[in-house]
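J.: Provide a 3D model corresponding to the input given below.
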Amino acid sequence: MRIWCPDSNEDVDWTGLPDDTVIQLFSCLNYRDRASLSSTCKIWRALGLSSCLWTSLDLRAHKCDPAMAISLASWCVNLQKLRFRGAECADAIIHLQARNLREISGDYCRKITDATLSMIVARHEALETLQLGPDFCERISSDAIKATAFCCPKLKKLRLSGLRDVSAEVINALAKHCQNLADIGFLDCLKVDEVALGNVVSILFLSVAGTSNMKWGVVSHLWHKLPKLIGLDVSRTDIGPSAVSRLLSLSPSLKVLCAMNCPVLEEDNTFSVNKYEGKLLLALFTDIFKGLASLFAETTKMGKNALLDWRNAKTKDKNLDEIMTWLEWILSHTLLRTAESNPRGLDAFWLKQGAAILLSLMQSSQEEVQERAATGLATFVVIDDENTSIDCGRAEAVMRDGGIRLLLNLAKSWREGLQSEAAKAIANLSVNANVAKAVAEEGGIQILAGLASSMNRLVAEEAAGGLWNLSVGEEHKAAIAEAGGVKALVDLIFKWFSGGDGVLERAAGALANLAADDKCSMEVALAGGVHALVMLARNCKFEGVQEQAARALANLAAHGDSNTNNAAVGQEAGALEALVQLTRSLHEGVRQEAAGALWNLSFDDRNREAIAAAGGVEALKSCRPYYGVGANNIMSFRKLKIQPHKILPVNFSNLHQTGSTKHYDYVVKLSTSSESKHTSKRVALAQSCANASPGLQERAAGALWGLSVSEANSIAIGREGGVAPLIALARSETEDVHETAAGALWNLAFNPGNALRIVEEGGVRALVDLCSSSVSKMARFMAALALTYMFDGRMDEFALIVNLTESTSKSVNLDGARRMALKHIEAFVLTFSDPQAFATAAASSAPAALAQVTERARIQEAGHLRCSGAEIGRFVAMLRNPSSVLKACAAFALLQFTIPGGRHALHHASLMQSAGAARVLRAAAAAATAPLEAKIFARIVLRNLEHHHIESLI
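T.: Numbers count the residues shown, from 1 in each chain. I've put the predicted structure just below:
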């Protein structure tokens, strides 16, 4: 096999490598890659079949059915150790034809039946170790364990979790037929016969951790008679001090009793651990490392970390090695289970001992112990997995003790199980900003980006979760992109589209966070992210994936002024239809994110009509009421939402601080378009808003605001009853909701027919309330502008025509409504008027005086508004209105739109100059009857126009 090497400008013959080197290379690969590499040539095929490469096999990350097992059978003749996951893989084990198997270890065993386990043990008579757990083996009964005893006489180690009943008959069969059985673990079982266990005289190590219904009086009177018992684990049980005392004092062989997280024992303040010479009790209230050091003959030479000292010891003691190996397994299992249950009152233990023990266990030579320790670290920092809350003290304790570097080293291991658990721990810890910074500084982003490209789904899934949490930090986004993380995440979606919801949700969530950054959003699009995310939105049925895909599309569409992603999303085949469909989801989060995406997409002229044509407005009428505690933090208008992923603390159970950044870019004002054929769909959106959650209300009203930019849409929304629901939203107590509702009503009020409908539906009062009392300057501003549209005279002309032609028009008191509106518009404008500054500006035309007025009047966010020529023309016309209030408000609005530095100020200045607004402004500034506010504001607008004219010439 020859491969071109560009560095040396010649072919390289890889088959010329020494056999030992090739075998060493093979040993660093998983079975799938090993088999693939073996197929490249005859020589490597022969080497790939070397028995030393196939003594161990880990199938946990791969789907292994009988067909796959049969294809692997030729490599498994000398297989001795097997790890698997799930019932389907368990059913396939016998097809490997690995008759020499010595050790079988499985997890996700809830669905494994008696028949499957009986078949496995019947085909593997040489079995010495059988471990199933830590999840519960609910469907395995005593019959299958009895079959194990009969079929596997060489059995030395048996560890089973979650059995319902371990009867005396089963235990006696084990004692009789498996006379070398030295290590038994019946963990988290409902019932175990204590008397029968006292008959297993071969036992050296026994664990009943988490097992309930134990008769500790019987245990203390029988188990101390076991002649060879060295280690006993009763952690997470209700054992009391008397039983512990009796076992420690009466058993001549017992050296270690592990009673971690035993509430009854811990509540007894009179219990002393110092009176049992030569015995070691490990409990939450004891010094674990000091206790472990006492097992060594030369205790004075031991350091603070007895586990590390033992591993580094030059001289080995076989008996001590057995004890320490067992203790590593027991401690890793117990600490993980304790972290899962997260009992109260353990903060001191975790900070003083627990974190350090887990970090030490991560350096074990036992892969399973390393994995459990890493998962324990991922779990014990979690306070509330639903709200993505972690304990900062615990997380920083891990960082302080060198845990980040240890985890990253594990993540770089060639063992995929370690990669997966280490990446999970890094992901959870990275919720803490300080830890995330440390991960990035230690090169963790590059490592996770590399793991995200793994062919192992579990590894790629956890790595994507790590990138998701790291991408919350603005400072990490560019680094993720530079490390190839964007492409890896997009590729994950294509690679594992049928592989399950976990990997897809994490990949989409990370891309959503990255898409909030302008440059990264372009990277996402260039990597094929738009197509991948739309594919998820269209075809994936998992709600978590749908929510993150919609959020990612919303963020991609949020950069309309700086890149072309908004148009790209809208033009992607099926994108708008998919988002519209998601607004009908039963899941609140999916509906919110889909509505948010439609909102952002409605900023593009082409998208607006396409959304309406796809039923985007009508879809939201299916939204159901939501009575949650509160809405997620959301973006105002163009939404850029950053979010960490849900913490998944352990690998075998279904165990997010939401961050966001606001990016104001208000809706483009009215422009004309042709009448849409889908008018009936617009009102349904408005009608749906009142009963939705605050988050969905804001997004739906925002999308409606965007759609109403089209004059045809605006007229149709008003005609078909969309005004009343928006007025209801304008009364919302949620600031973001009434801002968007005010914006939508502002758009609608441009049309005199809609303006009249707003009056008829009681909207004047709602807008007046917003104008006078909202905490949002923008809501007050837009409400005031809506009122100016309604009472500048055009609605009166329309109302007269209606009254002459339609007898069904509602009776309204326009004069009363006008007086109320003008009163509050005037009050609104005056809140931005400093009498002293106005007096100075009136007496002097000095730029400094006008600048002072401008600074006092400026509404920062209003600079993001972009108005059409018709909109600007209407405000210019108001400067001639007989009403002094309308003159002042129109001048105030034009000031906001033209202040230098505003995003669209130059655009507005150009429109005004083209329309000859300068002449009208000069007349307003010089009018003797005009209010002082109108004069001063008009002078400032003239000054702004001069500034923009000069700027355009430079």
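J.: quickly list what S161 is bridged to.
T.: Beta-bridge pairing for S161 (DSSP bridges): L187.
J.: any idea of the pLDDT on it?
T.: Listed pLDDT for S161 reads 95.
J.: for it, list the residues it contacts.
T.: C109, L132, G133, P134, D135, F136, C137, G185, L187, D188, C189 (CB atoms under 8 Å, 6 or more residues apart in numbering). In short, each C-beta sits where N, CA and C put it, glycine included.
J.: look up how far D188 lies from it.
T.: Between S161 and D188 the computed distance is 5 Å (CB to CB, to the nearest Å).
J.: next: A423.
T.: 27 Å.
J.: neighbour count winner among those two?
T.: Using other CB atoms under 10 Å as the criterion, A423 and D188 rank with A423 on top: 32 against 22.
J.: hmm, G450 and the more buried one touching each other?
T.: No. The criterion here is CB atoms under 8 Å, and A423 misses it with G450 at 10.5 Å.
J.: tell me the average confidence for the longest helix belonging to the chain?
T.: Of all segments of type helix in the chain, defined using DSSP state H, the longest is helix 318-341. Across helix 318-341, the average pLDDT comes to 94.
J.: assign a three-state SS to F832, would you?
T.: coil (DSSP: H, G, I helix; E, B strand; the rest coil).
J.: got a list of what it touches?
T.: So F832 contacts R856, A857, I859, F892 (CB under 8 Å, 6+ apart).
J.: do the same with A842
T.: Per CB under 8 Å, 6+ apart, neighbours of A842: L932, K935, I936.
J.: what helix or strand does F289 sit in?
T.: helix 288-293 (DSSP states H and E).
J.: what do you get for S413?
T.: Going by DSSP H and E, S413 is not part of any helix or strand.
J.: ok, residues contacting the helix or strand that contains A938?
T.: Assessed by DSSP H and E, A938 sits inside helix 932-953. Outside of helix 932-953, the residues within contact range by CB under 8 Å, 6+ apart are 829-830, 833, 838, 841-842, 845, 847, 850, 853-854, 857, 879, 884, 887-888, 890-892, 894-895, 898-900, 905-906, 909-910, 912-913, 917-918, 921-922, 924-927, 930.
J.: pull out the buried members of those.
T.: 829, 833, 838, 841, 850, 853-854, 857, 879, 884, 887-888, 890-892, 894-895, 898-899, 905-906, 909-910, 912, 917-918, 921, 924-925, 927, 930 (16 or more other CB atoms under 10 Å).
J.: one step back: quick one: buried ones out of the contacts of A842?
T.: Using 16+ other CB under 10 Å, the buried members of these are K935, I936.
J.: any chance of a markdown table for the contacts of A842, columns distance to A69 and pLDDT?
T.: Shown next, in a markdown table, are these (distance: CB to CB, whole Å; pLDDT from 0 to 100):
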| residue | distance to A69 | pLDDT |
| --- | --- | --- |
| L932 | 89 | 90 |
| K935 | 89 | 92 |
| I936 | 85 | 92 |
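J.: now distance to Q446 too, for the contacts of A842, in a markdown table please.
T.: Below are those laid out as a markdown table (distance: CB to CB, whole Å):
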| residue | distance to Q446 |
| --- | --- |
| L932 | 63 |
| K935 | 63 |
| I936 | 58 |
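J.: among the contacts of A842, which one sits closest to N434?
T.: Among the contacts of A842, I936 lies closest to N434 (CB to CB), at 50.9 Å.
J.: contact partners for the closest residue to the closest one other than its chain neighbours?
T.: Excluding the flanking residues, the one nearest I936 by CB to CB, 6 or more residues apart in numbering is A841, at 5.1 Å. Applying CB under 8 Å, 6+ apart, we find A841 in contact with A849, L850, Q852, V853, I936, R939.
J.: packing partners for the helix holding F289?
T.: strand 280-282, helix 306-312, helix 318-341, helix 355-361 (3 or more CB pairs under 8 Å, 6 or more residues apart in numbering; DSSP states H and E).
J.: and these, which is most packed in?
T.: Ranked by mean neighbour count, these are led by helix 355-361 with a mean of 24 (mean count of other CB atoms under 10 Å).
J.: not counting its own residues, what contacts that helix?
T.: Contacts of helix 355-361 (CB under 8 Å, 6+ apart): 288-289, 305, 307-308, 328, 331-332, 335, 369-370, 372-373, 376-377, 380, 394, 397-398, 401-403, 406.
J.: hang on, the earlier thing: can I get the longest helix of the chain as CSV, trimmed to CA atoms?
T.: The C-alpha trace of helix 318-341 is given here as CSV (Å, rounded to 0.1, in the frame of the first residue of the first chain):
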residue,chain,number,x,y,z
LYS,A,318,-0.7,-8.6,46.1
ASN,A,319,-3.1,-8.6,49.0
LEU,A,320,-3.1,-4.9,49.3
ASP,A,321,-3.4,-4.5,45.6
GLU,A,322,-6.6,-6.5,45.7
ILE,A,323,-8.0,-4.4,48.4
MET,A,324,-7.1,-1.1,46.8
THR,A,325,-8.5,-2.3,43.4
TRP,A,326,-11.8,-3.2,45.0
LEU,A,327,-11.9,0.1,46.9
GLU,A,328,-11.4,2.1,43.8
TRP,A,329,-14.4,0.4,42.2
ILE,A,330,-16.5,0.8,45.3
LEU,A,331,-15.6,4.4,45.9
SER,A,332,-16.2,5.4,42.3
HIS,A,333,-19.6,3.6,42.3
THR,A,334,-20.7,5.0,45.6
LEU,A,335,-19.6,8.6,44.9
LEU,A,336,-21.4,8.5,41.6
ARG,A,337,-24.6,7.3,43.1
THR,A,338,-24.4,9.8,45.9
ALA,A,339,-23.8,12.6,43.4
GLU,A,340,-26.8,11.5,41.4
SER,A,341,-29.1,11.6,44.5
